[in-house]
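# with the sequence up front, the predicted model follows.
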Amino acid sequence: MTNLFSIFEPSSSIFSLSLNWASTSLGLMFLPFLYWASPSRWSMLWSKIIQTLHKEFKVLLQSSHTGATILFISLFSLILFNNFLGLLPYIFTSSSHMVMTLTLSLPLWMALMLLGWIQHTKHMFAHLVPQGTPFALMPFMVLIETISNIIRPGTLSIRLAANMIAGHLLLTLLGNTGPSLSTSILFVLLLSQILLLILESAVAVIQSYVFAVLSTLYTSEIN
C-alpha cells in the first residue's frame with residue numbers, strides 16, 4: 001500500500017531535478033501583465049489590497065520600519081499565489097511542505113534576532129521579563145519567553161503547512177471514494193467537495209495573511 005501522504009511528494013523529474021517545485025514560480029507569470037496592459041478591475045483590486053496591507057503593516061511596524069512593508073507584502077503575495085495554485089488540478093502545492101514554509105520563516109526570524117540583539121540589546125533583555133513580574137517568577141519567565149521565541153519559526157511554518165495539507169488531504173480522500181458510490185450519494189459528495197473547495201479558498205487567503213501579520217508583529221517587537 002502506498003503512503004497516505006505520497007500524493008503530496010514531488011515525483012515528476014527531468015535529469016533528477018524535481019519539476020513539481022517549479023510551481024512555486026508560476027505566480028510570477030501573473031505579475032508582468034499588470035505592468036504593460038491597461039488597468040483592469042483585477043489589477044485595481046490587487047492594488048487596493050496592497051495599499052490596504054501597506055497601511056496596516058505600517059501601523060504594526062511603527063515609524064522606524066515603514067519601508068519593511070514591501071518585504072511582508074511580497075511574502076503575503078508569494079504565499080497567496082502558491083496557496084491558490086495548489087487548488088488547481090495537477091499542480092503541486094509547495095506551501096504545504098515544511099521545506100518551503102521553513103525556508104520562509106527561519107531566515108526571517110534569524111535576521112530579526114540578529115538585528116534585535118545587535119542594535120537593541122537592552123530592549124531584547126528587557127523583553128524576556130514582562131513588566132510587573134514578581135521577582136520569584138523572573139527565572140521561569142525568562143525560560144518561557146526564550147522557548148516561545150525560539151519556536152516561532154517552527155510555529156509559523158507548521159501552521160501554514162498543516163492547514164494547507166489538511167484541506168488537500170480531505171479533498172483527496174473524499175474524491176477517491178467517488179467511483180464506488182451510487183448516483184444519489186455522488187451528488188452529495190460533489191456538493192461537499194464544492195463547499196470544501198470554497199473553504200480551502202478562504203483558508204488560502206487567511207493563512208497567507210496570518211503568516212505575514214505574525215511576521216510583522218515579530219518585527220515590531222525588536223524596536
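Looks like it came in fine. Numbers count the residues shown, from 1 in each chain.

# count residues in the vicinity of residue 103, would you?
13 (other CB atoms under 10 Å). Glycine gets a C-beta too; all of them are placed from N, C-alpha and C.

# actually residue 70, sorry about that
Neighbours of residue 70 under the rule other CB under 10 Å: 12.

# distance from the helix or strand it falls within to the middle of the chain?
Per DSSP states H and E: residue 70 is located in helix 69-85. Helix 69-85 sits 8 Å away from the centroid of its parent chain (CA atoms, centre = their mean, to the nearest Å).

# show me what the helix or strand just after it is in contact with.
Where DSSP H and E defines the elements, the next helix or strand beyond helix 69-85 is helix 98-119. When contacts are defined by CB atoms under 8 Å, 6 or more residues apart in numbering, helix 98-119 is touched by residues 24, 75, 78-79, 82, 94-95, 123-124, 149, 152-154, 156-158, 160-161, 211, 215, 218-219, 221-222.

# report the angle between the strand or helix carrying residue 195 and helix 98-119.
In this structure, residue 195 is located in helix 183-220 according to DSSP H and E. Counting by axes from the mean of the first three to the mean of the last three CA atoms, to 10 degrees, helix 183-220 lies at 20 degrees to helix 98-119.

# now helix 183-220: buried residues?
For helix 183-220, burial by neighbour count (16 or more other CB atoms under 10 Å) applies to 196, 200, 203-204, 207-208, 210-213, 215-216, 218-220.

# can you name every helix or strand that the helix holding residue 70 contacts?
Applying 3 or more CB pairs under 8 Å, 6 or more residues apart in numbering; DSSP states H and E, one finds that helix 69-85 contacts helix 41-61, helix 98-119, helix 183-220.

# just how off-centre is the longest one within its chain?
Relative to the centre of its chain, helix 183-220 is centred 12 Å away, using CA atoms, centre = their mean.

# what mean pLDDT does it get?
Averaging pLDDT along helix 183-220 gives 88.

# I'd like to check the angle between it and helix 41-61, please.
40 degrees.

# just the angle between helix 183-220 and helix 69-85, please?
Between helix 183-220 and helix 69-85, the angle comes out at 170 degrees (the same axes, to 10 degrees).

# number of nearby residues for the closest residue to residue 77 other than its chain neighbours?
In this structure, residue 77 finds its nearest non-sequential neighbour in residue 27, 7.4 Å apart by CB to CB, 6 or more residues apart in numbering. For residue 27, the neighbour count with other CB under 10 Å is 17.
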